[in-house]
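**Student:** Just to be clear, the model below is a prediction. Sequence and coordinates:
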Amino acid sequence: MTTVEARDLGYVVDGRTIFDGVNLRVSSGEAIAVLGPSGAGKTSLLAILAGLAQPTSGQVVVDGEPLRHALPKGFVLVLQGYGLMSLLTARENIEAALRAHGRRPSPARATAAHWLAELGLKEHGSHLVEDLSGGQQQRVAVARALALDPAVVIADEPTAEQDAVARALVMRKLLDVTAGGGILVLATHDAAVAELCTSSVRLHGVNH
């Protein structure tokens with residue numbers, strides 16, 4: 001069983017406390033929603049949980065051990081800005097991620113095509129990212145993450161650009177990770193999305 005914990009996390013940037021005393025625990029098969037207004041530190045918390053930023057106080061613990069490096073094995077991150085390469089096609093973006101993780105070209109192409117279809121993008125695989133809508137780009141980013149067969153998905157507002165139908169599709173695919181024994185941590189402003197998760201934590205922001 002995999003467990004990710006935040007223990008009394010605090011985060012200060014340029015003398016401003018972003019959040020303080022944040023605790024959460026999520027285990028295999030669970031999804032947790034991180035809620036709060038803009039500026040409350042949701043993105044910062046996800047970055048810390050992924051090991052991309054260091055907390056000012058407290059620690060992140062994975063399977064009982066302190067997190068010591070960014071994106072440990074099995075972790076994937078879906079960025080709010082998508083993190084796609086604009087001069088590549090949707091399919092090539094996914095293939096590149098798979099190749100970077102050791103997949104051979106032919107299986108990488110097949111896996112990329114599969115996940116594009118799963119996210120409703122079967123007809124858009126050959127389109128350059130810069131020619132896709134924001135919602136389509138967001139789904140490519142989710143498809144890329146899921147193609148890596150992750151144990152832990154950390155996703156920042158993964159449904160923000162989706163209509164109701166696409167939002168339901170994205171959440172169904174993300175929650176499939178937990179059905180398979182994985183973990184989902186997502187930041188959202190959407191109460192309907194949060195209700196689909198096992199639990200939630202709310203950041204209020206600290207202004208001093």
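**Tutor:** Received the coordinates, thanks. Numbering: from 1, shown residues only.
**Student:** Residue 169 against residue 120, yeah?
**Tutor:** Yes - between residue 169 and residue 120 there is a contact at 5.8 Å, judged by Cβ atoms under 8 Å. Backbone N, C-alpha and C define where each C-beta goes, glycine included.
**Student:** residues shared between the contacts of these two?
**Tutor:** Common neighbours of residue 169 and residue 120, using Cβ atoms under 8 Å, 6 or more residues apart in numbering, do not exist here.
**Student:** where are the low-confidence patches of the chain?
**Tutor:** Residues of the chain meeting the criterion pLDDT under 70: 206-208.
**Student:** helices or strands up against the top helix by length along it?
**Tutor:** Secondary structure of the chain per DSSP state H: the longest helix is helix 164-179. Here helix 164-179 touches strand 31-35, helix 134-147, strand 152-156, strand 183-187, helix 191-195, going by 3 or more Cβ pairs under 8 Å, 6 or more residues apart in numbering; DSSP states H and E.
**Student:** Contacts for it, please.
**Tutor:** 28-31, 118-120, 135, 138-139, 142, 146, 150, 153, 155, 158-159, 162, 183-184, 186, 190, 192-193, 196, 198.
**Student:** the inter-axis angle of it versus strand 183-187?
**Tutor:** Helix 164-179 and strand 183-187 are oriented at 140 degrees to each other (axes from the mean of the first three to the mean of the last three Cα atoms, to 10 degrees).
**Student:** quick one: buried residues of helix 164-179?
**Tutor:** Buried residues in helix 164-179, counted by 16 or more other Cβ atoms under 10 Å: 166-167, 169-171, 173-175, 177-178.
**Student:** ok, now stretch 114-130?
**Tutor:** Quick answer for stretch 114-130 (16+ other Cβ under 10 Å): 115-116, 118-121, 124-125, 129.
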